[in-house]
Each structure stands twice: as structure tokens, then as C-alpha cells.
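# How does the following fold in three dimensions:
(2 chains)
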There are 2 protein chains.
Amino acid sequence: MANGKESGSAAPPLLDLTIDNITPNTIRINSQARDARLKYVMARLVSHLHDFARETRLSTDEWMAGLNFLIACGKICSDVRNEFILLSDVLGLSLLVDSINHPKPPLGTEGSVLGPFHTHDAPTLPNGASMTSDPEGEPMLALCTVRDTQGRPVPGVKIDIWETDSSGHYDVQHADRSAPSERAVLVSDDDGRFWFQGIKPVSYPIPHDGPVGKLLQLLNRHCWRPAHVHFMFEKEGWDHLITALYIRGDPYETSDAVFGVKKSLVIDLGKVDADTAAKYGVQEGSWLLKHDFVLTTQEETEKLRDQNAVEALKKLGLHNLKLVDHLPVPDVD
Amino acid sequence: MANGKESGSAAPPLLDLTIDNITPNTIRINSQARDARLKYVMARLVSHLHDFARETRLSTDEWMAGLNFLIACGKICSDVRNEFILLSDVLGLSLLVDSINHPKPPLGTEGSVLGPFHTHDAPTLPNGASMTSDPEGEPMLALCTVRDTQGRPVPGVKIDIWETDSSGHYDVQHADRSAPSERAVLVSDDDGRFWFQGIKPVSYPIPHDGPVGKLLQLLNRHCWRPAHVHFMFEKEGWDHLITALYIRGDPYETSDAVFGVKKSLVIDLGKVDADTAAKYGVQEGSWLLKHDFVLTTQEETEKLRDQNAVEALKKLGLHNLKLVDHLPVPDVD
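Reported below is the predicted structural model:
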């Protein structure tokens, strides 16, 4: 509607709205929006929100309980806690959004959920440095590479790494946090390698003292995540990869509270031998994490995403849509 | 599933979740819930949430913008401000939920949206008292009755009444509010009558300095409500009636930002004549609001609601549901 033809989206008279006519009327008044994408997103949002209420015959008490739940989520959010990401995680939305936005060709490293504990204050450390300040943790050396789908090293990638301490808490969950811990930013070297010292990750419960925890309890679900280390890869021209590596054999390997585990991301830890210990200045017999990550270019990801979008929308029976900036909007021309 | 047969709802192994399998898996893990209603509501919620993301191919940035919007709504909520009710109002959900829960037989007074400004501290006043402390308001005498669908008076009904002051603000919107104003609780007398002195209502913008206001702006929608007085009727055995009376001729009569206006609730104000002025101790020529409200019994409302639910669910193609406590749950027996 960028052509100024506004007649189709003029607000209808809004009177005597009912269960049966509220949805088209809300969509029509919202379609006064000038942004075609916003118009489409709001139309689908309103349709689903209303259908949800109609299909459940949502009671006034349930409606109010839902609003109070959202208020409680908002109130507990802080600079270091995002209860809405957690909610999105436990409802499977985070996994879904990641899958939609970061499809992988067969060779690319799969994504996993970001979770609510990434921060922007991790120190940039040289390769080989230690990111742990937890004397209770079991030392682990990580030796990794970043390559493209042809196996060529990708140098100069910024890699954000974060994990919990040995008690299963991220640094931000400690009230007395004075500095970042168990997190670092590295940069891959000319051979695409990066390496660091951390601790063997442990399984841990997601924060369950807030409204999301109460919801899980009502749903009779546990709140545990299997042991993992988060990795986030960023380099201009390459698809932003948010992923994690999970340690095989964890009791929660097949019941992650936030649906993040993929078989290709489950790894076995080894042990550091004498040569490696000497080379990297760590103790022989420490845990050893070795992994080769494969990045895809932004171009191949966008192409794949567009292909998937077109196919999926066709399968959903949503015609008359076109992709603008890789996102569907109604094709009104 | 109250019979303890849990096998059908045991958690599936959760691995390698994708765009296509995340929804049934999330629903299956949530169906560990013991409460059948919660199980059904969550299944519909997850389905719609995921379908929304799939149909829009929701981008990571849009997802994050949505979460930040929800955080902002939560943060601005206070004892006297409920941004989530406002959000529900402008998305048409409040009107829809009221319509589902309070269907009216032909003679019953129709409902309207509660809005975010009802409080629980309004003073109980004797009939005839003034609930206004606004010298700028145009005085209005209200003479009303409450009857049943057979025209018989209903005495002893608790009636909550609230409106804005002449500046278009509810008392709670003034930072220096020390006591309730422009609100009262009355009780209908033996003839079903209640009467009070207020002021002529004015049209006003809903609070638009928060995230909901920003959303309306993006949607190119105005934030005005036509002039109205809120009424809420409560008596044991009678359906809880939340409604409002709207003054005919208001510039926003057919474009209420929260979809509340119904033709049957649009009224003309008259003027107080000499006899009435003398009888009620008000000035001749003041505004006069006269209205007869019709309550329906809880029993007839519940019957109608159940009928509507059964019909609607059939029309939606949702079979294998039964009503328990008037709410649909899966019929698994």
C-alpha cells in the first residue's frame, strides 16, 4: 500500500462487535498501518489470538490469569534475567524461530537455543586463555575449528562462549556478581582454530523461582537442561550461528526443558594426553572437548531460507504472498 | 486422565526438533499436566503460537522486538495501570472474551469492555449522592433501574460506577490521587432503582505514553474512546454484567479504540426539568441520564453459554470435546 491508495484499508465503522465479526474488524482497523509487513504480522497475530479464545471458549478468569502471568513475567525481568525468552524457550517458540531463520545445508553446524543468559560484557580473551574462575569446576580444554562447507578454515570469526559454573549457575544468577565469569569472546586464528580453558559443563535447572517455573510445575514438567556449552559465531558475510554442544550421556539428554538438543550437537569428551597438556599448558588427564564447527555464508542461508519460506507458505495454503527483505507480505499489486 | 493412566501422556524423547515436529512434541510434553482444561488450553496456545511463527516466518529480530514489547508492558504495569488489559482491549480480545462469557438473551443489557480503570476502593454511597469532585464537570443526574428479563425490579444489586473527570482522566491517572473520585458503589432499592449525581462524560484517549500507545501509532490508529460511563452489576444468582453507556453523537462513536460500543448502549442525554430538580436536589437544566438495565440470571446465562459453546465448537470442527464446568476439555473417555 506504499502507493498511497488508502481506500482498501480505511477504518470500518466499529459498532456491535461480536464473537463472529470482531476478528475481521480488528484486522481491518489494524490494516491502516503503513508498513506491509507489520500489517501481515498483526493480521496473523489477531487471527490466532482470537481463534485461541474461540476454540477454548476462554473464561474471564482464565483471561485474567493469563494477563497476570504476563505481568509477573515482565516484573521479574531485569538486565540479567529475561523471563520472556525463558517462556519462549519452554513453549518451543525459540527453537522454532531459530529453525526458520537459520536453516542449514547438510554440512552446516546446526543451531540451538540462545537461552536467556548471553551477556554483552564477556571479556575478549586470547586463544588458550582460561575463562573460568571456578575452582570447584573440573578443568576442560577445548580445541575447536571453524570451517566453511567446503572445509576451508574461516579466520577472524568472533566466537562468544558461555557456560554455567560447577554449581549449575551462570555468573549473572549470582547476586554478588562483580565481573563476568565462565564466559569469553575469542577470535578464530588464520587456520580457523580457537581454543580455551573452561570447565566440564553440568546439567542445571532453568530459573524456576518465577512465573515460568510455576507454569512448568503446573504442566508436570521438569526444568532441567542437559550439560552444555553455548557458542555464538559472528562474522560479516556469514550466517550468525547460535548453537551449543551437549555432553553425551546426560540424564536430560532427551528431555531438555527448552528443546535445544540435536544429535549432531551431542559430543563425547575425551581426556588431555601428555603432549597436549604440555602444548597448551594444562594438566594431563583434564577433560578435552574437540569440535569442528561449520559456518554457512549469509548468502547461502538467505537463499535456503527464501526457498523454505516459499515452499512452506505454499504447503500452508497461504497464497498471494511475496517475500520482501526475505519476509512474507501480502502481494497486493 | 484423572484415572491415573499416564502412559498416553508420557514425555516423548526430545531430540532433533524441527519446524515441522516441534509443535506435536511441545504439546505432548505439556500434556503431562494433570488438569485436563490446562492441557487443552496449552495445546491450543502452542498450536496457535507456532502457526503464527510459521505463517509469518517470524524473524529473529521480530521475535526479540515482540519479547521486548511484552517486557515494556510488564514494566509499566502498576497497582493503578494494567497495560496488558489495554493491549487485550486494543486487539479486540477483551470484547471477544466478554462476548463468549456473557452472552445475552434478546432482552438482556449487552456488555462492554471493563477497561483498565476499575478499582476496588470506590466508596459505597447512598442513592442520590454525588460521586464527583470535579468542579469543571457539567453536572449530570442519573436515574436508572435494574430489572430482570420479565421486567421485574431486581433490588439489592451492587452497582459499581466509574467515569473520567472533565479532563478525560480517571482519578488513578493523576499522580497526586489521594482518594477515589468520579467513582462509587450504589445498591439498587426495593423498586430496582438507583440514582446518583456525576458529570457528563467526555471522550478521552486511552493511555498512550506506553508500549500500547506506540503500537497504535505504528498501526496508524487513534487512541480515543467515545464519552461513556462504566457500570458493573453484581448480585448472587445473577450474571455479572460489565457494561457502559455511550453518549450519542460522539466523534468516536463508531471508531472506539477498544471496540466497546454497541448500538443498544448508545443513549441520548436529556435535561433535568424543574420538578425533577426539586425532587433530587439538583439544578434545573443539568444533564439527565435515564436508563433501564436488564440483568439475566446466572442460570440462563450459563445455559446460553453452554449452548453457544457446543454450537461454536461443532462449527469450528472441534469434535471429541466435552464441557466440564462450562469449559471445553478433550473427551478422552
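
# only C-alpha atoms for contact and neighbour calcs from this point on.
Fine.

# Got the domain ranges for chain A?
A:1-58, A:83-296, A:302-333 (automatic domain parsing).

# Could you export the ones you listed as CSV, including distance to residue B:181, mean neighbour count and mean pLDDT?
Below are the domains of chain A laid out as CSV (distance: least, CA to CA, whole Å; neighbours: other CA atoms under 10 Å in any protein chain shown; pLDDT from 0 to 100):
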stretch, distance to residue B:181, mean neighbour count, mean pLDDT
domain A:1-58, 30, 18, 84
domain A:83-296, 34, 19, 96
domain A:302-333, 48, 15, 91
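
# out of those, which comes closest to residue B:75?
domain A:83-296 (12.4 Å; CA to CA).

# With distance to chain B as extra columns, can I get the domains of chain A in JSON lines?
Output for the domains of chain A, formatted as JSON lines (distance: least, CA to the nearest CA, whole Å):
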{"stretch": "domain A:1-58", "distance to chain B": "4"}
{"stretch": "domain A:83-296", "distance to chain B": "4"}
{"stretch": "domain A:302-333", "distance to chain B": "6"}
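
# Tell me where chain A has helices.
Under the criterion DSSP state H, chain A carries helices at the ranges A:22-30, A:36-56, A:60-76, A:83-90, A:93-101, A:211-218, A:274-280, A:298-315.

# Could you point out which of these sits nearest residue A:130?
Each of the helices of chain A has some distance to residue A:130 by CA to CA; the shortest is helix A:274-280, at 10.9 Å.

# which residues sit in contact with residue A:253?
A:225-226, A:246, A:261 (CA atoms under 8 Å, 6 or more residues apart in numbering or on different chains).

# ok, back up a step: would you list the domains of chain A in JSON lines and tack on distance to residue B:121?
Formatted as JSON lines, the domains of chain A follow (distance: least, CA to CA, whole Å):
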{"stretch": "domain A:1-58", "distance to residue B:121": "28"}
{"stretch": "domain A:83-296", "distance to residue B:121": "28"}
{"stretch": "domain A:302-333", "distance to residue B:121": "48"}
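
# Mind pulling up the pLDDT for the residue of the stretch 51-200 of chain A found nearest chain B?
Relative to chain B, the nearest point of the stretch 51-200 of chain A is residue A:74 (3.9 Å; CA to the nearest CA). Model confidence at residue A:74, given as pLDDT, is 97.

# Residue B:71 is in contact with that one, correct?
Yes - the pair residue A:74 / residue B:71 is scored as a contact, 4.7 Å apart, by CA atoms under 8 Å.

# measure residue A:170 to residue B:290 for me?
Using CA to CA, to the nearest Å, residue A:170 is found at 63 Å from residue B:290.

# Check residue A:317 too.
For residue A:317, the distance to residue B:290 (CA to CA) stands at 53 Å.

# what sits in contact with each of residue A:74 and residue B:71?
With CA under 8 Å, 6+ apart, residue A:74 and residue B:71 have common neighbours residue A:84.

# for the residue nearest to residue A:231 when sequence neighbours are not counted, what are its contacts?
Once flanking residues are discounted, residue A:231 sits nearest to residue A:161: 4.7 Å by CA to CA, 6 or more residues apart in numbering or on different chains. Contact analysis of residue A:161 by CA under 8 Å, 6+ apart lists A:183-186, A:229-232.

# could you redo the last one with a cut-off of 6 Å?
Residue A:161 sits next to A:183-184, A:230-231 when contact means CA atoms under 6 Å, 6 or more residues apart in numbering or on different chains.

# Check residue A:309 too.
Going by CA under 6 Å, 6+ apart, residue A:309 touches no other residue.

# ok, now with 7 Å
By CA atoms under 7 Å, 6 or more residues apart in numbering or on different chains, the residues touching residue A:309 are residue B:57.

# any idea how far residue A:328 is from it?
Using CA to CA, we find residue A:309 at a distance of 8 Å from residue A:328.

# what does residue A:227 give?
37 Å.

# Also residue A:287?
Relative to residue A:328, residue A:287 is positioned 47 Å away (CA to CA).

# same thing with residue A:189?
Counting by CA to CA, the gap from residue A:189 to residue A:328 is 38 Å.

# And for residue A:174?
From residue A:174 over to residue A:328 the distance is 42 Å, taken as CA to CA.

# Likewise for residue A:194?
38 Å.

# Residue A:109 too?
To residue A:328, residue A:109 is 26 Å away according to CA to CA.

# Also residue A:23?
Taking CA to CA, one finds residue A:23 at 21 Å from residue A:328.

# correct me, but residue A:154 touches residue A:146?
Yes - using CA atoms under 7 Å, residue A:154 is in contact with residue A:146, at 5.6 Å.

# got the contact list for the nearest residue to residue A:295 once chain neighbours are set aside?
Spatially, and ignoring its direct neighbours in sequence, residue A:295 is nearest to residue A:148 (5.1 Å; CA to CA, 6+ apart). Counting by CA under 7 Å, 6+ apart, residue A:148 makes contact with A:154, A:294-296.

# and which of the residues you listed is nearest residue A:142?
Comparing those against residue A:142 with CA to CA places residue A:294 closest, at 16.2 Å.

# residues contacting that closest one?
Residue A:294 sits in contact with A:107-109, A:146-149, where contact means CA under 7 Å, 6+ apart.

# Run through the bridge partners of it.
residue A:147 (DSSP bridges).

# residues contacting residue A:244?
Contact partners of residue A:244, counting by CA under 7 Å, 6+ apart, are A:112, A:228-231, A:265.

# now stretch A:232-242, how far from the chain's geometric center?
Chain-centre distance of stretch A:232-242: 13 Å, with CA atoms, centre = their mean, to the nearest Å.

# do stretch A:296-314 as well
18 Å.

# That concludes my questions; thank you for your assistance.
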